[in-house]
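Colleague: Dropping the sequence and predicted coords here.
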Amino acid sequence: MTIADRGSPQQGVQSGQQSHPRNGLLFSPIFITAMNLVLAVITLAYMVRGFQFLVRSPKGAGDLHLRWVDIQYVLAGRNPFDVYFADPVNHIPQVPPYASNRDSRPLPEIGYAKGVSYPQWAYFGGIIFFWPPWPAVRIYWAVFNMAALAVTFWWAFKIGREHGRSVGLLFGLSCLAIGANCTVLGQGQYGLVIDAFLILSMICQQRNRSVPEGVFMGLAIAKPNVAGLFMLPMLVRRRWTAVLSTVVYISIASAVIWLLVKTNPLVMGHQWLLATQDFRADINIVIDPLLAIGLKMSMVSKLVAAVGGLAALAGIYAWRHASSLVQFAIASVVGRFWAYHRNYDDVMLAFLLVALAVAAFNTRKTWLMLAFLLVATALWAPARFYDHAACTIYLQLICLAGLAALLVATPRAEPAGSGSAGIHDKSRAD
């Protein structure tokens, strides 16, 4: 065994379950119960509003409709990128005449494709998720999101339950009460389902189930700007079977789409990069200063992606003896900055949130509990708060500080004889 989790997702932060008494207001049963009541109310409000927008509201499911349109073209045997670039609004001179022998006319009942922001292999999973007719697909997608929320809650609850059922509820409700969840649900975004695939991949890694670990990761990388860096723990741990499973899944998915739309994956990959090269979204405290000094977005996106990828790799390698949860927390925070995101992608920070909670309850250190609460309250705030630049900057700085606190509390050296409570990792290098 070379690089493996010898213990639980909590490994790397020394467990204090037995050696630390249950003292201090922030760890008291009364405080935990009060927090759970507040979080239950917040969660209920977000869930009701989010699902109502997704299923019924004429203002909801906007992103879902974009994905649905793309899949209707795939099912009709047309490349959605061809249709997107055939729209005079989206035509750019750099696009070669790829579609000269393919039908790029818009379907009259749905119009031009307008949301081509995903790679070709994502359409393979998209066929499963978005095949029903509109508007029935809104209910169908709501079911997938319910399942994703259940996976997220149960995963966090089981980790926290080692410190008692009320602490397990705190962990689970903390994830459900993230304000971005409401936006993801209301717009029919991918974020919650991507999070669930990442969680399932991590659980498979901890149980040394390499093939499903890689397949779930391949499903998650339907959104590479969110999930791309989460592959790095596989590489650092030298889990080559899982890496191969991810590559095989992506290859098969791309080949199926190639057969359906008669466009080879290299061409579709180039089209995807052209369609997204100038994408800008909400404030990013790493990217925005580079644009302010006059660099072009196409250059900045490549530069920040490369530096961010190297930074995440360095961090995960430095903490290679920590748990997969700590490594996923690193990937989530760096991933939040290595590309532009809209605020609904903050759901990816659930890994940081749970990792900080684990560190706080394992050590019973007040400063770690305060770090958890600072990150948590920023994430629990309604998404509309982050329409304001100052609030978005605050959230991003708080998350960076939260990651720093987590890493300070996590030993880099491999601990001798981990005995911390929780779900035990059996992962090992191939």
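Modeller: Done, it's in. Numbers count the residues shown, from 1 in each chain.
Colleague: If you count neighbours, what's buried in the lengthiest helix in the chain?
Modeller: Criterion DSSP state H: the longest helix present in the chain is helix 29-55. Under the neighbour-count criterion of 16 or more other C-beta atoms under 10 Å, helix 29-55 has 32, 35-36, 39, 42-43, 46-47, 49-51, 53-55 buried. Bear in mind the C-beta positions are built from the backbone N, C-alpha and C, glycine included.
Colleague: Next, give me the two most distant ones among those.
Modeller: Using C-beta to C-beta, these reach their maximum pairwise distance at Ile32 and Val55, which is 33.3 Å.
Colleague: Does Phe171 touch Glu162 like I think?
Modeller: No. Between Phe171 and Glu162 there is no contact under C-beta atoms under 8 Å: 9.8 Å.
Colleague: When those two are compared, which one has more neighbours?
Modeller: Counted by other C-beta atoms under 10 Å, Phe171 and Glu162 do not tie: Phe171 has more neighbours, with 23 against 20.
Colleague: Where does the closest residue to the more buried one other than its chain neighbours sit, in terms of helix or strand?
Modeller: Spatially, and ignoring its direct neighbours in sequence, Phe171 is nearest to Gly160 (3.1 Å; C-beta to C-beta, 6 or more residues apart in numbering). Taking DSSP states H and E as the criterion, Gly160 maps to helix 136-160.
Colleague: by contact count, what packs against that helix?
Modeller: With contacts defined as 3 or more C-beta pairs under 8 Å, 6 or more residues apart in numbering; DSSP states H and E, helix 136-160 has these neighbours: helix 29-55, helix 62-75, helix 122-130, helix 165-176, helix 179-187, helix 191-206, helix 350-363.
Colleague: Would you agree Leu400 falls within a helix?
Modeller: Yes. Counting by DSSP: H, G, I helix; E, B strand; the rest coil, Leu400 is part of a helix.
Colleague: any idea which of the buried residues of helix 29-55 is closest to Asp82?
Modeller: The closest of the buried residues of helix 29-55, once distances to Asp82 are taken by C-beta to C-beta, is Leu54, at 29.4 Å.
Colleague: sorry, back to before: from Leu379, how far off is the residue nearest to Phe171?
Modeller: As judged by C-beta to C-beta, to the nearest Å, Gly160 and Leu379 stand 16 Å apart.
Colleague: residues near Val408, how many?
Modeller: Val408: 11 neighbours (other C-beta under 10 Å).
Colleague: Could you do Phe361 as well?
Modeller: Neighbours of Phe361 under the rule other C-beta under 10 Å: 28.
Colleague: now Pro88
Modeller: Pro88 has 7 nearby residues by other C-beta under 10 Å.
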